[in-house]
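In: predicted model and sequence below, questions to follow.
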Amino acid sequence: MLQIVTGNRLRDGVVIYFAGAGEWTPAIDKALVAEDDHANALLAEAQVGLPPLPAVGPVLIEVTREGDHLRPVTLRERIRASGPTTGPMAGHTALDANPAASGLDDYSI
Amino acid sequence: MLLAEDGTLSVDDWHHLGDDEPVPGSGLVTVSFARWQLDEGTLRVRADKLGLRLPNTIEPKDIASDLDRFALIILNFPKFTDGRAYSQARLLRTRFHYQGELRADGNVLRDQLLFMRRCGFNSFVVGERAIKENWAKAFGEFDVFYQQPTGQGPWVMRQRLGPRNDP
Amino acid sequence: MYRYDDFDHRFIDERVAQYRDQVRRRLAGQLTEDEFRPLRLMNGLYLQLHAYMLRIAVPYGMLNSKKLRKLAHIMRKYDRGYGHFTTRTNLQLHWIKLEDTPDILAELASVEMHAIQTSGNSFRNTTTDPFAGVAADELEDPRPYAEIIRQWATLHPEFSFLPRKFKIAICASKEDRAAVKMHDLGLYLHKNEAGELGFEVVVGGGLGRTPYLAQTIRQFVPRRDVLSYIEACLRVYNRYGRRDNLWKARIKILVNSLGAAKYAEEVEQEWLASDREAIAIPESYIAEIASAFAPPEYDRSPVDEAALERAIAGNPAFARWIKHNVHAHRVSGHAIVTISLKEVGKTGGDISAEQMDLVADLADEVSFGEARVAYEQDLVLPHVRCDRLLPLWQRLEAAGLGSSNKDLVTDIICCPGLDYCGLATARSIPVAQRIAKHMAAKEDEIGTFNIKMSGCINACGHHHLGHIGLLGVEKNGEEVYQITLGGDAGHNAAIGTIIGPSVKSDDVPAAIDTLIAVYMKLRQEGERFPETYRRVGQAPFKEALYAPR
């Protein structure tokens, strides 16, 4: 089973993934993947640091690998990763149109 | 460490007697509610001041007739989200006219201090954070409230209406 | 509308400053998330799936054009240009940044708004009739009491850490348009035999995992004593309400485990022991607050009714809107207008910043600047002169706000569900959209019909009270929907009953269609669905729904 760590960025709530070495990223494909029983160690590593930690509510989620991409297993995590399935922000389309305003640009914290 | 409602910090000079400890002949001691029920006779004849540690499941009316014996009552917040002691404090102050020190113990956090003081608490058991983060500042965050206060401070409805004309 | 005085302004400014410091301490690492969460929640700030979500209080649903414009501005500047009205008449913004929230609260304070206690285990926004002050069937305006309760309940020192949240609703008219019986505490204004005004008090309602309707614990509390009586209710709850189990912490569980009579007795004892005079509401204070809700200066010159009749006769679409979305007003020549936020294919309860600005303009032009939020996730313009109805409808229609479906089958109450909400177990918006599209062509023929849907057991979409209720749950990785039948809100409130096994997401519209077809076949003249259901029972619906196809 493959797992990654996700949470919401403290200052703005954006969905982020633990990329290792203290780094977090909004890009799920850059998340550090743990196999099987290494997952808890990954979660612990994601919570090391001085307060405030960058991510609120870090948890492990299950993913599958599809080519170069990571895909969450649950619908909830797929919606967190790619936005609502309906409405003005469906699939984060508004962000794609205006990435500058999105807050989703990939920078480490 | 104790924080007082005026913002001063002090060291707790009370001894909090365990239920198995013998009652000392003199000195400031607090006892649990259970101990008070068990040893009321012995405790009443001591000359020194006595304090009571009241769990948040005991109703103030159950100790109402004994209140003049206590110089200190300690109410407990097992978790800061457990708000039962707020009701106890208000009742002790307003319904049973308890005049002594009312102390908040347990999970006492900065952002609950003002609620506590407004219910009648006047001392608070705090840790080192209280100094570093200047918790005393919390008491001054509001100077107007929408409720009848327990203690000082204006109440909006009453202030709008002017002084109360009691019959 | 109630206007802040110096006290309110001072208080709200102090509150913003306090919150600003709390956010600063959180971002500086002085507060842990566990310590900060209750503080942000007390200001309506949740952390949801995609971002923080701010729930802005709309006290008893009252808005004016200035507030609407400010909300539109906040939606544009700090969010993604839209917002969502909830079943508690509040406004939720889904894409908020924590670091912006102190500034947002300061902007709200500038128009006498806030987000205080829109979450947390304390008093929530008190709700009332969206037609308050203009309804023809009203005894007296309930809003002054709602405002007095709002003030008294705001950062109450004794009741800010209750076992669980506490919701109050007030009704002062024959028809209950505030779903009072699903509240923790409900107040029905009425007169006793001596002709004095007071409240019947009902307690222990609530939906969620264990739905209950509130029960009467006192027939009459004089209005001057209503705060002390509520205080007694709360004090008994604070003392005895369960704190060991989140799902059993609401007052409904206490009331129903003790029994309403025993709970009432405890309250009575507490009330009689309390200093009722300390928070008695003097007549002069009620009058002072009530003066803020005085009716506007209506233009009472005759309306050209023939012209209106001609417009209705010549325009079927306008006629539909008049029929469904325009309601009787107590002043002749005027009407109450429901602005439906349920355009078929859109998200129910959602509104864009542009639409919000338009509503502000229209409120200024035809409704003395006033608008209301109804718990059914609609807006209301309360004072429209009848000769303004046609141009009003045309402008609403052009902006996607002219749907003529109030209380029809496409008027679906619906929570944000798994598309936004951290608690949800299934999506609700896309399912509601598919139902509305599927049923739209038949909505006139069906007539009054309330579908209500929630994306989890917490029941923000009031599914228990829907004629048909839908609860989305996740089963083996798939979204399925449990169907309840026969629920009803208002004075005849009823909790729906589960009809049988859950239905797959794709099959929901057809299932609704089947159930409604049975109703249409079996209904008698004038019967709404709940009446037919009570008369004929579950069997015909069950047979039709689960018949092998």
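Out: Arrived safely, thanks for sending.
In: how deep is the residue nearest to A:Leu50 when sequence neighbours are not counted tucked in, by neighbour count?
Out: Leaving aside its chain neighbours, A:Leu50 sits nearest to C:Gly29 (6.7 Å; criterion: Cβ to Cβ, 6 or more residues apart in numbering or on different chains). Backbone N, C-alpha and C define where each C-beta goes, glycine included. C:Gly29: 13 surrounding residues under other Cβ atoms under 10 Å in any protein chain shown.
In: what's the helix or strand for C:Gly29?
Out: Using DSSP states H and E, C:Gly29 sits within no helix or strand.
In: any idea how far C:Pro102 is from whichever residue of chain A sits closest to chain B?
Out: As assessed by Cβ to the nearest Cβ, chain B sits closest to A:Pro51 within chain A, at 12.6 Å. Distance from A:Pro51 to C:Pro102, counting by Cβ to Cβ, to the nearest Å: 20 Å.
In: what about the residue in chain C that chain B sits nearest to, which SS state?
Out: Using Cβ to the nearest Cβ, the single residue of chain C nearest to chain B is C:Phe161, 2.9 Å away. For C:Phe161, the secondary structure call by DSSP: H, G, I helix; E, B strand; the rest coil comes out as coil.
In: for it, what are its contacts?
Out: For C:Phe161, the contact set (Cβ atoms under 8 Å, 6 or more residues apart in numbering or on different chains) comprises B:80-83, B:86, B:112, B:115, C:121-122.
In: now do the strands in chain B.
Out: In chain B, the segments counted as strands under DSSP state E are B:2-4, B:9-10, B:15-16, B:29-32, B:50-54, B:70-77, B:101-106, B:123-125.
In: to chain C, which of the ones you listed lies closest?
Out: Comparing those by Cβ to the nearest Cβ, strand B:70-77 comes nearest, at 8.6 Å.
In: could you pull out the helices for chain B?
Out: Using DSSP state H, the helices assigned to chain B run over residues B:33-44, B:84-90, B:113-118, B:129-132, B:156-161.
In: give me the mean pLDDT for the last one.
Out: What it means is helix B:156-161. Mean per-residue pLDDT for helix B:156-161: 68.
In: also the third one?
Out: Averaged across helix B:113-118, pLDDT comes to 95.
In: what separates it from the chain centre, distance-wise?
Out: Centroid separation for helix B:113-118 versus its chain: 10 Å, with Cα atoms, centre = their mean, to the nearest Å.
In: what does that helix contact?
Out: The contact list for helix B:113-118, computed with Cβ under 8 Å, 6+ apart, reads B:3, B:5, B:86, B:89, B:104, B:108, B:124, B:135, B:138-139, B:141-142, B:145, B:147, B:149-151, B:153, C:155, C:157, C:160-161.
In: so where's chain A uncertain?
Out: By pLDDT under 70, the weakly predicted segments of chain A are A:93-109.
In: show me which strand runs longest in it.
Out: Taking DSSP E as the criterion, chain A has its longest strand at strand A:55-66.
In: tell me the buried residues in it?
Out: Buried residues in strand A:55-66, counting neighbours by 16 or more other Cβ atoms under 10 Å in any protein chain shown, are found at A:55-56, A:58, A:60-61, A:63.
In: contacting residues around the residue nearest to A:Leu50?
Out: A:50-52.
In: which one of the residues you listed has the most neighbours?
Out: Neighbour count (other Cβ under 10 Å) singles out A:Pro52 as the most crowded of the contacts of C:Gly29, with 19 neighbours.
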